[in-house]
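Engineer: Fold the following and give me the result.
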Amino acid sequence: MTKLTWSSPKLTTRTLTFGALLIAIQLCLSKLSVGPENVVKVGLGFIGTAMIGYFLGPWLGGVALVLNDLISNTVFSTGSSFFIGFTFSAFVTGVIAGLFLHRQEITWQRLATYTFFQILISNVFFNTMWIFLMYFQTKTAGALYGLLAQRLPKEIISWPIEVIVLLFLMNAIERLPIKSLNNN
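Structural biologist: Alright, predicted model coming up:
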């Protein structure tokens, strides 16, 4: 389980087409969410992120999630503010997903490790920092800790839920003939 994948599939027409399909799936799943974006948002976007990482690897996965972020903030904008920090977080999230899932055997240990690092780095660290910079007038340590206290319980609760959902989904995906995209 210590192996991480640093390569992405070759950039072919098939890979681009499948990547576009995965971005569309990610867009749809990320819109199925509850809660305000500026504090705690619970949704199904993690499923699309894992699929993008599994099929496209770290670099193409990062680019796909950047495109997803740009599309969702322009074409499908819900009135929330665009902030380049979230675009950077999207790239980091795609890289992490690709590192842990691309061309790897899907086990619960791998998924638990992947979701732990993805939640810790992207959600807890980066996204909390971006929300703090965007929405808080007083930039004090107390305000940051208060925001973290609001967001951390959701992330702790969602960790095992994401692992279980991804375990069933990714094991089903492994049995599909679509996996041949990884052989490019």
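Engineer: From here on, just use CA atoms for contacts and neighbour counts.
Structural biologist: OK.
Engineer: my guess is Pro58 meets Gly98, correct?
Structural biologist: Yes: with contacts defined as C-alpha atoms under 8 Å, Pro58 counts as touching Gly98 at a distance of 3.7 Å.
Engineer: list residues touching both of these two?
Structural biologist: Thr5, Trp6, Ser8 (C-alpha atoms under 8 Å, 6 or more residues apart in numbering).
Engineer: Of all residues in this protein, which one is nearest the centre?
Structural biologist: Ranked by distance to the mean C-alpha position of the chain (C-alpha atoms, centre = their mean), the top residue is Thr49 at 4.1 Å.
Engineer: returning to that earlier point: now which of the shared contacts of Pro58 and Gly98 would you call buried?
Structural biologist: Buried members of the shared contacts of Pro58 and Gly98, counted by 16 or more other C-alpha atoms under 10 Å: Thr5, Ser8.
Engineer: out of the shared contacts of Pro58 and Gly98, who's nearest Leu133?
Structural biologist: Leu133 lies nearest to Trp6 out of those, by C-alpha to C-alpha, at 31.5 Å.
Engineer: What ranges does the chain have for its helices?
Structural biologist: 13-31, 45-74, 84-101, 108-118, 128-135, 141-174 (DSSP state H).
Engineer: Turn those helices into JSON lines, including mean pLDDT.
Structural biologist: Output for those, formatted as JSON lines (pLDDT from 0 to 100):
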{"stretch": "helix 13-31", "mean pLDDT": "93"}
{"stretch": "helix 45-74", "mean pLDDT": "94"}
{"stretch": "helix 84-101", "mean pLDDT": "95"}
{"stretch": "helix 108-118", "mean pLDDT": "96"}
{"stretch": "helix 128-135", "mean pLDDT": "88"}
{"stretch": "helix 141-174", "mean pLDDT": "91"}
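Engineer: So which of the shared contacts of Pro58 and Gly98 is the closest to Lys31?
Structural biologist: Here the nearest of the shared contacts of Pro58 and Gly98 to Lys31, counting by C-alpha to C-alpha, is Ser8; it sits at 26.7 Å.
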